[in-house]
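Chemist: Task: produce atomic coordinates for the following.
(one chain, ligands or ions: 2)
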Amino acid sequence: MARTISKYRLIEEDDSICLGISAGKDSLVMLYGIYQYNLKHHQENPIIGVIIDEGIEGYRLEAVQYVHRFMKKHQLRFNLIETSFQEHFGKTLAEMVGIIEKNDLNMNPCTVCGTIKRHILNKVAMQKGATKLAIGHNMDDIIQTLIQNIIRNDLDKIGKNLPHKSSELDLNNGKKKKRYFIPRIKPLSRLSEHEIIKYCQFKGFNPIKELCPYSLNYPIFRRRIKNFLDTFEKNNHEVKYNLLNIHYRLYDLLKEQNRMEPQKFNYCESCGQPTGSKRKICHYCELKRLFDV
Ligand code: SF4
Ligand code: ZN
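Modeler: Ligands and ions are numbered 1, 2, ... in the order given. The predicted structure is shown next:
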């Protein structure tokens, strides 16, 4: 992870880092690794953590307590901000799933959850003056997204995001004073899920293993891709690294051949955050309207 951070200059002097945290394995490895890296290279860089309670019965509370214990045990000293869907969005995920089911809406809780989480993390990071937002996506997550985009024939998306960070496009529109979007970095992008599990065992971390109930109830496209890749990997251990490398090569090729349309975007009329060029309001604000909050 330290090599990934250095190689791609994910953290530089004067960066203020916001960590999106859960109590899962990726999150623990990321926060431990970034803390140690910062201690060694940029001791003055401020770090904050954000943990978001989605509002799923009995799911997140234990995780928050666990992260506090983990930080204490490993002497990780930074401010951990606890917030929730209820506080920012005005409804819990459980309430929204109730509405989805009652009205037979064709929506996946993970899509709703991901949209709201991304928005809250960006907002809190902005409010706290962060310059980088670190998220715990590992190599498996990244190549699953790659395969998903290939299956959907979505070359644009492949060319928009490097595996180790979000778009290079300046979504802040060159406006230095008012930021709209905090660049997201993925320090675990070169570590497979398997390596992260092994590292947790080696360090004696005991991440919370309890799965979100919605991840079990709703079979999703991504899980099928994960199973497919895991099956392949049993016979060829290089398959995931090869796919990650192909991701970089595709990105470079697309850039070189100038096949990517310059990425256009609008600012949401409701909340001011960047959104698609054809949209007036962002997905988050659309969900607010849908769920009447
Ligand atoms: Fe949210 Fe649960 Fe889906 Fe994760 S599995 S994105 S916590 S709904
Ligand atoms: Zn909005």
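Chemist: Can you show me the helices along the stretch 101-250 of the chain?
Modeler: Listed from the start of the chain, the stretch 101-250 of the chain has helices (DSSP state H, counting those that start in this stretch) covering 109-127, 139-151, 155-160, 193-203, 213-217, 221-235, 239-256.
Chemist: CA atoms only for the third one, dumped as CSV, please.
Modeler: Same thing as helix 155-160. Extracted C-alpha coordinates of helix 155-160, given in CSV (Å, rounded to 0.1, in the frame of the first residue of the first chain):
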residue,chain,number,x,y,z
LEU,A,155,-15.8,2.5,-22.7
ASP,A,156,-16.3,6.0,-21.5
LYS,A,157,-16.4,4.9,-17.8
ILE,A,158,-13.2,2.9,-18.3
GLY,A,159,-11.5,5.9,-19.6
LYS,A,160,-12.7,8.3,-16.9
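Chemist: other SSEs contacting that helix?
Modeler: helix 139-151, helix 239-256 (3 or more C-beta pairs under 8 Å, 6 or more residues apart in numbering; DSSP states H and E). Just so you know, the C-beta spots here come from the backbone N, C-alpha and C atoms, and that holds for glycine as well.
Chemist: Minimum distance to Ile51: which of the ones you listed has it?
Modeler: helix 139-151 (18.8 Å; C-beta to C-beta).
Chemist: Can you mark which positions in the closest one are buried?
Modeler: For helix 139-151, burial by neighbour count (16 or more other C-beta atoms under 10 Å) applies to Met139, Asp140, Asp141, Ile142, Ile143, Gln144, Thr145, Leu146, Ile147, Asn149, Ile150.
Chemist: need the contact list for Leu133.
Modeler: For Leu133, the contact set (C-beta atoms under 8 Å, 6 or more residues apart in numbering) comprises Ile17, Cys18, Gly20, Leu121, Asn122, Ala125, Ile182, Pro183, Arg184, Ile185.
Chemist: any idea how far ligand 1 is from it?
Modeler: 17 Å (C-beta to the nearest ligand atom, to the nearest Å).
Chemist: Any stretches of the stretch 151-293 of the chain with poor pLDDT?
Modeler: Within the stretch 151-293 of the chain, the stretches with pLDDT under 70 are 167-179, 217-219, 258-263.
Chemist: tally of neighbours for the residue in it positioned nearest to ligand 1?
Modeler: Taking C-beta to the nearest ligand atom, ligand 1 has its nearest neighbour within the stretch 151-293 of the chain at Cys212, 3.0 Å off. Neighbours of Cys212 under the rule other C-beta atoms under 10 Å: 18.
Chemist: Am I right that it is in contact with Glu57?
Modeler: No - using C-beta atoms under 8 Å, Cys212 is not in contact with Glu57, being 10.8 Å away.
Chemist: re the thing from before, right, and the helices and strands packed on helix 155-160 - which one's nearest ligand 2?
Modeler: For ligand 2, the closest of those is helix 139-151, at 23.0 Å, according to C-beta to the ion.
Chemist: between the closest one and helix 239-256, how many degrees?
Modeler: 50 degrees (axes from the mean of the first three to the mean of the last three C-alpha atoms, to 10 degrees).
Chemist: Helix, strand or coil: sort out the nearest residue to Ala130 once chain neighbours are set aside for me.
Modeler: Residue nearest to Ala130 in three dimensions, not counting chain neighbours: Cys18, with 3.7 Å by C-beta to C-beta, 6 or more residues apart in numbering. With DSSP: H, G, I helix; E, B strand; the rest coil as the basis, Cys18 sits in strand.
Chemist: give me the number of residues near Cys18?
Modeler: Cys18, neighbours per other C-beta under 10 Å, totals 27.
Chemist: tell me which residues in the host helix or strand of Glu62 are buried?
Modeler: Secondary structure from DSSP states H and E places Glu62 in helix 61-73. Of all the residues in helix 61-73, those buried under the rule 16+ other C-beta under 10 Å are Ala63, Val64, Tyr66, Val67, Phe70, Met71.
Chemist: What helices and strands are in contact with that helix?
Modeler: Counting by 3+ C-beta pairs under 8 Å, 6+ apart, helix 61-73 packs on strand 47-53, strand 79-84.
Chemist: The closest residue to ligand 2 within the stretch 51-200 of the chain: neighbour count?
Modeler: Closest approach between the stretch 51-200 of the chain and ligand 2, counting by C-beta to the ion: His119, at 7.5 Å. Residues near His119, counting by other C-beta under 10 Å, number 21.
Chemist: That one: what's it in contact with?
Modeler: His88, Cys271, Gln273, Cys282, Tyr284.
Chemist: His41 reaches Ile11, doesn't it?
Modeler: Yes - contact criterion C-beta under 8 Å: His41 and Ile11 qualify, at 7.4 Å.
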